[in-house]
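Enquirer: what's the 3D shape of this:
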Amino acid sequence: MVTTLEVESTLTDRYQTTVPETVRRALRLGKRDRIHYSIRSGGEVVLTRAAAFEADDPVLGQFLGFLARDIVSHPERVQAVDASLVLRLQSLVGDIEVDFDAPLSADDE
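Expert: Numbering: from 1, shown residues only. All right, here's what the predicted structure looks like:
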């Protein structure tokens, strides 16, 4: 059984609201954190915590936002990656080891 907790807030004359404490706790929001809204075709709005990298890299954040909006607007365009493409990519980079925690060199930044 899935439990749903519902809360409400009120809009001010300037269309602002306070995020209720239960929502802040559920999303682990702190001051200055960003909130992401996904608006679905039936009028439902899903509120999530925005990924940290969006604030760190505005170009990447805008691109990912564009992709998210396009997927919501046109879900019929989403297609599975062709298995032959996956095999080709694996053949090109399969033996390369990457340390995602290693700092970038000055040339790579």
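Enquirer: next structured bit after the helix or strand bottoming out on mean pLDDT in the chain?
Expert: Using mean pLDDT, DSSP states H and E, helix 52-56 stands out as the lowest-scoring helix or strand of the chain, at a mean of 58. Later in the chain than helix 52-56, the nearest helix or strand by DSSP states H and E is helix 58-73.
Enquirer: which SS state does residue 12 fall under?
Expert: Judged by DSSP: H, G, I helix; E, B strand; the rest coil, the three-state class of residue 12 is coil.
Enquirer: quick one, phi/psi of it?
Expert: Note on residue 12: its backbone torsions stand at phi -80, psi 180 [degrees, to the nearest 10].
Enquirer: and it, how many residues sit next to it?
Expert: Neighbourhood size, residue 12 [other CB atoms under 10 Å]: 9. Heads up, the C-betas are built off the backbone N, CA and C, glycines and all.
Enquirer: Which pLDDT does the model give it?
Expert: With respect to pLDDT, residue 12 scores 94.
Enquirer: What residues does it make contact with?
Expert: Going by CB atoms under 8 Å, 6 or more residues apart in numbering, residue 12 touches no other residue.
Enquirer: The same query, at a cut-off of 10 Å, please.
Expert: Neighbouring residues of residue 12 by CB atoms under 10 Å, 6 or more residues apart in numbering: residue 18.
Enquirer: in this structure, what spans have low per-residue confidence?
Expert: 1-2, 52-56, 108-109 (pLDDT under 70).
Enquirer: quick one: the helices in it?
Expert: Counting by DSSP state H, the chain has helices at residues 21-27, 52-56, 58-73, 83-93.
Enquirer: show me the contacts for the nearest residue to residue 39 once chain neighbours are set aside.
Expert: Spatial nearest neighbour of residue 39, excluding adjacent residues (CB to CB, 6 or more residues apart in numbering): residue 45 at 5.4 Å. The contact partners of residue 45, by CB under 10 Å, 6+ apart, come to 37-39.
Enquirer: What's the separation between residue 45 and residue 20?
Expert: Taking CB to CB, to the nearest Å as the measure, residue 45 falls 15 Å from residue 20.
Enquirer: Neighbours of residue 72, how many?
Expert: 13.
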